[in-house]
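Trainee: Sequence first, predicted model second:
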Amino acid sequence: MRLTRLLFLMLFTAKLSYAEPLSYFNRSNLPEAIILYNSANPCETCNKAINMLIHVLKAEYRYKMHAYLIDMERHPEFAALFKTDAPLTLVIARVSDNEFSGYDKLIGLQSQTGDSAVFNRHVTEFINNFLGFY
């Protein structure tokens, strides 16, 4: 599958940042959470939303998925691949037999940082519905 090889190559070559070590190749069939942000066009609440996303991913999905934080300014190929120009996008990708089998994206999270419980519920419902986690 062309998308699989392209995404693996992009994740392998991108300089990634995150609070924990990352594995570049998904050899365990775990889903991928990719947080895309744009340092050249940051929004007022993007940093808060990113921190909230990382908190949700660590609290709810540690050992259940891999996570990446990627600056679209430095890696515009990710914005093109996932067809986003939003200042902040969460992409969740399914992995099956070590190949990506689909993805969905959530935008606008930077405008939903007022209530952390509502934010957390929104993100977990999106992820759980897409991946079939219950």
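Mentor: Now that the structure is in, tell me what you want to look at.
Trainee: Over to residue 59. Which of the three states is it?
Mentor: For residue 59, the secondary structure call by DSSP: H, G, I helix; E, B strand; the rest coil comes out as helix.
Trainee: Which pLDDT value goes with the residue lying closest to it once chain neighbours are set aside?
Mentor: On the basis of CB to CB, 6 or more residues apart in numbering, the spatially nearest residue to residue 59 that is not a chain neighbour turns out to be residue 120, at 7.9 Å. Placement of C-beta: from N, CA and C, glycine included. As summarised for this prediction, residue 120 has a pLDDT of 97.
Trainee: now do residue 5
Mentor: In the predicted model, residue 5 carries a pLDDT score of 49.
Trainee: Let me know how buried residue 74 is, in neighbour terms.
Mentor: 13 (other CB atoms under 10 Å).
Trainee: how close does it get to residue 39?
Mentor: Distance check for residue 74 against residue 39: by CB to CB, to the nearest Å, it reads 7 Å.
Trainee: Report the secondary structure state of residue 104.
Mentor: Assignment for residue 104 (three-state DSSP): strand.
Trainee: Mind telling me what element the residue nearest to it when sequence neighbours are not counted is part of?
Mentor: If you skip the residues right next to it in sequence, residue 104 has residue 130 as its closest partner in space, 4.7 Å away by CB to CB, 6+ apart. Assessed by DSSP states H and E, residue 130 sits inside helix 116-131.
Trainee: now residue 100
Mentor: Following DSSP H and E, the helix or strand that holds residue 100 is strand 99-107.
Trainee: what's the closest residue in space to residue 124 that isn't next to it in sequence in contact with, if anything?
Mentor: With CB to CB, 6+ apart as the criterion, residue 124 has its nearest non-adjacent residue at 5.5 Å, and that residue is residue 60. For residue 60, the residues meeting the contact criterion (CB atoms under 8 Å, 6 or more residues apart in numbering) are 120, 124, 127.
Trainee: In the chain, what residue spans correspond to strands?
Mentor: Under the criterion DSSP state E, strands of the chain are mapped to 32-37, 66-71, 88-96, 99-107.
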